[in-house]
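**Student:** Have a look; sequence and predicted model below, questions after that.
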Amino acid sequence: MLSRTAAELYWMSRYLERAENLARMLDVSYSLSLMPQDGQGTGLDELTMPLLITGNMDDYLARHGELDAERLLHFFAFDGDNPGSIFSCLRAARSNAHVVRGRITADMWENINATWLEMRDIAQQGLQSYGISAFCEWVKQRSHLFRGAAFGTSLRNDAFRFIRLGTYIERADNTLRLLDSRYELLGDAAESIGDGSARGYYQWNALLRALSVFEAFTEIYRGSPDKRQVAELLILREDVPRSLRACLGEINQILASLPGVNGRPAQRMVASLEARLRYTGIEEILDEGLHVWLSDFILLVRRLANAIQSSYLEAA
Amino acid sequence: MARILYDEMYDASGAVRPHYREFARWLANTPPEQLAQRRREADLLFHRAGITFTVYGDDQGTERLIPFDTIPRSIPASEWRVVERGCIQRVKALNMFLADLYHGQRIIKAGIIPAEQVLANEGYQMAMQGLDLHRNLYAHIAGVDLVRDGDGSYYVLEDNLRTPSGVSYMLEDRKMMMRLFPELFAAQRIAPIDHYPSLLLSTLKSSSPVDDPSVVVLTPGHFNSAYFEHAFLAREMGVELVEGADLFVRDEKVFMRTTAGPQQVDVIYRRLDDAFLDPLAFNPDSMLGVPGLLSAYRAGNVVLANAIGTGVADDKSVYPFVPDMIRFYLDEEPILKNVPTWQCRKADELSHVLAHLPELVVKETQGSGGYGMLVGPAASKAEIETFRDRLKANPAAYIAQPTLSLSTCPTFVEQGIAPRHIDLRPFVLSGKETRLVPGGLTRVALREGSLVVNSSQGGGTKDTWVVED
């Protein structure tokens, strides 16, 4: 497959996954911001979290000056000048798909095209009238729909593999960042294992719901969430589809099945990352310090993404 | 003066011609609402599939549908066989002319074509001089534009030997007709054309000395007006659609960048003009081409289809010599007629043209797509005078021809069914042998009385049938 074609497919699905992750993050931050904040303020802390997670703080401040709930939501949902907004991600995904529409099925193309057209309509209506929760829900549903169309109609070829690859790279990065920032925000409360405080409960719950693993958590651990369990679930559980381990497992399989020898650096890297997770217990991670460990892994995933980029997508 | 028009469906007495009888019966028996509904369905299907072209010079850069007319253009098989032989003969002679021009130049030495006519032509490429091509093939894909005059005889209007387009519409029109009106295809024997992509692929493969060569389609990109066709042909042939940046040259060989590493390319079906192919050799500003491509080409390590420098043979100032080429190289009489042509670079012919502008069609020698031409009988006085100035300023850039009446074919228009002028572009493939699929692309001028069929000028298309008689 042409490297350019693979790159378009890979970025198409990265942008879609990114839009979905943004919607998940925004939904949680918004609902948490509505909760009483233990007398600490207005819920702006919550709403600024997406800025910290995505590293967009400076950009936002430069354009909007002060932190304001409505502007923040607009910035992440509809702002076409913010390359990190849901609007921009869906636009970019559609434009990638347009270039390679001959390589994806009509179902996939029509889905992604319709998503973009609806996105424009919703942006016309405005966030107030559409509703932020309804909007986040819509983004998730469109993403589910595209994934369903891809799984249900695509030939299992290299095109499909690069689409899946984009999804898992983006998702691995996102899970790491969400966990890290939620842990940071909790601060000391996170340290008291089995912390019974309402704040800790809602914080962990919100994270679990954002990643659609609330049900999984209750089934596996049968109790209130705490740091150790949440971290284990999101980092090490192979059977949780948004966990780091699951993402790297998929990436490992996909890279191993791609033809050619030019991808060896990336193949080697993901295999060793996966082995590291497979043979690590949560205690070792906590001993090292969760934040340190997560920051380290965010860098490793980025390095893996760079290796994929240079091995396959701009190969010469 | 009333012109005599030749209508494809009705003879001079108004009776339906034999090869249209089956269709006429069907048309009379099908309720108009049903026809209208099918036409809407066709529009919808074309739109959804994104079968569009981009109009240049339009600020909006809009993608438009080419209007599709559901009344087919039909040709009796016996008549087609003559056209087919004529096209093959013509393209063979043109390929021999190109091989000769870029080698011994016998035809110039024999005094048949003046040297300055070809060597000073902007389509002539010095880089091709002395270069041997596999099977001596230059124009692998040719589009021969044909029209019919009042007496029904076919004339060649021009030979398109660079990157003729439109074949995707020929194929899509047929698919659409079979989908909308399957009963028509059951009622009579209409020659199939769906195998064009496979003929094209075997033509491209046979143009390379390599066993089972790797073939790609090279497109300028998705902003090009014919991008749909490039993607369509690549998909139908099952080969990669590449842009210039996907290719690179190393050790005088061409490779494409793939996810499995560099892969050598043997044949490039390029839909890119000569000037943009290689920024090192031609237009240095081209972002579309592949640096070093010409060196790989000259080393014989890659085939370009069509070859570089074919534009010299389809130039309108060389067109008048094609019948002589056929006699010179093949020792045959031309089967298809040329339209009489005045060459404005000659002073006496120019003065004739200037005196008769309102009756003539004047074209740029290097023009295509219906841009920059004058149709005398359809032009206003002011338009003629403006054109006269342009013509006087640079006579060598123009030729003039009598206004042919162009045959008509019944066509759906707003007021119902009315005759509209049409032409025909068969696509001639030259590889191990010279072949074409029956028929070609029929373009129709949708405005009443208009003789300009180009899609960029409001033309539409029709399915083209070759019917066993």
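**Tutor:** Yes, it's here.
**Student:** for the chain, what are the low-confidence residue spans?
**Tutor:** Since no chain was named, I'll use chain A. Per-residue confidence for chain A (pLDDT under 70) gives these ranges: A:36-42, A:187-197, A:315-316.
**Student:** Chain B was what I was after
**Tutor:** Using pLDDT under 70, the flagged stretches of chain B are B:1-3, B:48-64, B:367-371, B:456.
**Student:** Not counting its neighbours along the chain, what's nearest B:Ile190?
**Tutor:** Spatial nearest neighbour of B:Ile190, chain neighbours left out: B:Trp465 (4.8 Å); criterion: C-beta to C-beta, 6 or more residues apart in numbering or on different chains. C-beta here means a position set from N, CA and C on the backbone, and glycine is covered the same way.
**Student:** Shouldn't the one you found be within a helix?
**Tutor:** No. Per DSSP: H, G, I helix; E, B strand; the rest coil, B:Trp465 lies outside any helix segment and is strand.
**Student:** Which strand residues bridge it?
**Tutor:** B:Ser74 (DSSP bridges).
**Student:** Now residue 164: closest residue in space, sequence neighbours ignored.
**Tutor:** Picking chain A for this. Ranked by C-beta to C-beta, 6+ apart and with sequence neighbours excluded, the top spatial neighbour of A:Arg164 is A:Ile254, at 5.8 Å.
**Student:** look at chain B instead
**Tutor:** Across the structure, with C-beta to C-beta, 6+ apart as the measure, the residue nearest B:Pro164 apart from its sequence neighbours is B:Gly143 (3.0 Å).
**Student:** ditto for A:Trp204
**Tutor:** The spatial neighbour of A:Trp204 that comes closest, neighbours along the chain excluded (C-beta to C-beta, 6+ apart), is A:Pro225 at 3.8 Å.
**Student:** How about the contacts made by that neighbour?
**Tutor:** A:201, A:204-205, A:208, A:217 (C-beta atoms under 8 Å, 6 or more residues apart in numbering or on different chains).
**Student:** Now it: which helix or strand?
**Tutor:** Using DSSP states H and E, A:Pro225 falls within no helix or strand.
**Student:** what do you get for B:Gly123?
**Tutor:** Taking DSSP H and E as the definition, B:Gly123 sits outside all helices and strands.
**Student:** Over to B:Ile193?
**Tutor:** B:Ile193 is part of no helix or strand when elements are defined by DSSP H and E.
**Student:** burial of it, as a residue count?
**Tutor:** By the measure other C-beta atoms under 10 Å in any protein chain shown, the count of residues near B:Ile193 is 23.
**Student:** these two touch, right, it and B:Glu172?
**Tutor:** No. Between B:Ile193 and B:Glu172 there is no contact under C-beta atoms under 8 Å: 11.0 Å.
**Student:** ok, which residues in chain A are in contact with chain B?
**Tutor:** Counting by C-beta under 8 Å from any C-beta of the partner chain, the residues of chain A close to chain B are A:1-4, A:6, A:98-99, A:101-102, A:158, A:162, A:258-263, A:312-316.
**Student:** of these, buried ones?
**Tutor:** Of all the residues of chain A next to chain B considered here, the ones buried according to neighbour count by 16 or more other C-beta atoms under 10 Å in any protein chain shown are A:1-4, A:6, A:98-99, A:101, A:158, A:162, A:258, A:262-263, A:312-313, A:315.
**Student:** In helices, which of these fall?
**Tutor:** Members of those lying in helices (criterion: DSSP state H): A:3-4, A:6, A:98-99, A:158, A:162.
**Student:** which two in those are spaced the farthest apart?
**Tutor:** Longest distance between any two of those is 19.7 Å, between A:His98 and A:Asp158; criterion C-beta to C-beta.
**Student:** Give me the residues contacting stretch B:385-399.
**Tutor:** Residues external to stretch B:385-399 that are found in contact with it (C-beta under 8 Å, 6+ apart): B:316-317, B:319-320, B:341-345, B:350, B:353-354, B:357, B:362-366, B:374, B:379.
**Student:** let's go with 6 Å and repeat that
**Tutor:** Applying C-beta atoms under 6 Å, 6 or more residues apart in numbering or on different chains, the external contacts of stretch B:385-399 come out as B:316, B:341, B:343-345, B:350, B:362-365, B:374.
**Student:** Would you mind identifying the next helix or strand past the longest helix along chain B?
**Tutor:** Secondary structure of chain B read by DSSP H shows that its longest helix is helix B:77-101. The element immediately downstream of helix B:77-101 (helix or strand, assigned by DSSP H and E) is helix B:106-109.
**Student:** B:Phe248 sits in which helix or strand?
**Tutor:** B:Phe248 is located in strand B:247-250, with elements delineated by DSSP H and E.
**Student:** what does that strand rub up against?
**Tutor:** Counting contacts by C-beta under 6 Å, 6+ apart, the residues outside strand B:247-250 that touch it are B:254-256, B:290, B:292, B:296.
**Student:** Please repeat the previous calculation with a cut-off of 10 Å.
**Tutor:** Strand B:247-250 is contacted from outside by A:2, A:316, B:216, B:218, B:254-257, B:262, B:264-265, B:268, B:278, B:280, B:289-297, B:299, B:301-302, using C-beta atoms under 10 Å, 6 or more residues apart in numbering or on different chains.
**Student:** who in the stretch 201-350 of chain B is up against chain A?
**Tutor:** Within the stretch 201-350 of chain B, the positions adjacent to chain A are B:216, B:221-222, B:227-228, B:230-232, B:234-235, B:240-243, B:245-248, B:250, B:255-263 by C-beta under 10 Å from any C-beta of the partner chain.
**Student:** change it to 8 Å
**Tutor:** Residues of the stretch 201-350 of chain B lying near chain A by C-beta under 8 Å from any C-beta: B:222, B:231, B:234-235, B:240-243, B:245-246, B:248, B:256-262.
**Student:** and those, which are buried?
**Tutor:** The neighbour-count test (16+ other C-beta under 10 Å) applied to those identifies B:222, B:231, B:234, B:240-243, B:246, B:248, B:256-262 as buried.
**Student:** With respect to chain A, which of those residues is nearest?
**Tutor:** The shortest separation between chain A and any of these is 3.0 Å, and it belongs to B:Ala260 (by C-beta to the nearest C-beta).
**Student:** how close does that closest one sit to B:Gly289?
**Tutor:** Look at B:Ala260 and B:Gly289: by C-beta to C-beta, to the nearest Å, they are 24 Å apart.
**Student:** and what of A:Phe160?
**Tutor:** 32 Å.
**Student:** Which strands or helices does the host helix or strand of A:Leu16 pack on?
**Tutor:** A:Leu16 belongs to helix A:3-33 when elements are defined using DSSP H and E. With contacts defined as 3 or more C-beta pairs under 8 Å, 6 or more residues apart in numbering or on different chains; DSSP states H and E, the secondary structure elements packing on helix A:3-33 are helix A:44-54, helix A:69-77, helix A:86-99, helix A:132-153, helix A:158-186, helix A:198-210, strand B:253-258.
**Student:** To B:Asn454, which of those lies closest?
**Tutor:** Once C-beta to C-beta is applied to the helices and strands packed on helix A:3-33, the stretch that comes out nearest is helix A:86-99, at 26.4 Å.
**Student:** So which bits of that closest one are buried?
**Tutor:** Residues of helix A:86-99 classed as buried: A:86-94, A:96-99 (neighbour count, 16+ other C-beta under 10 Å).
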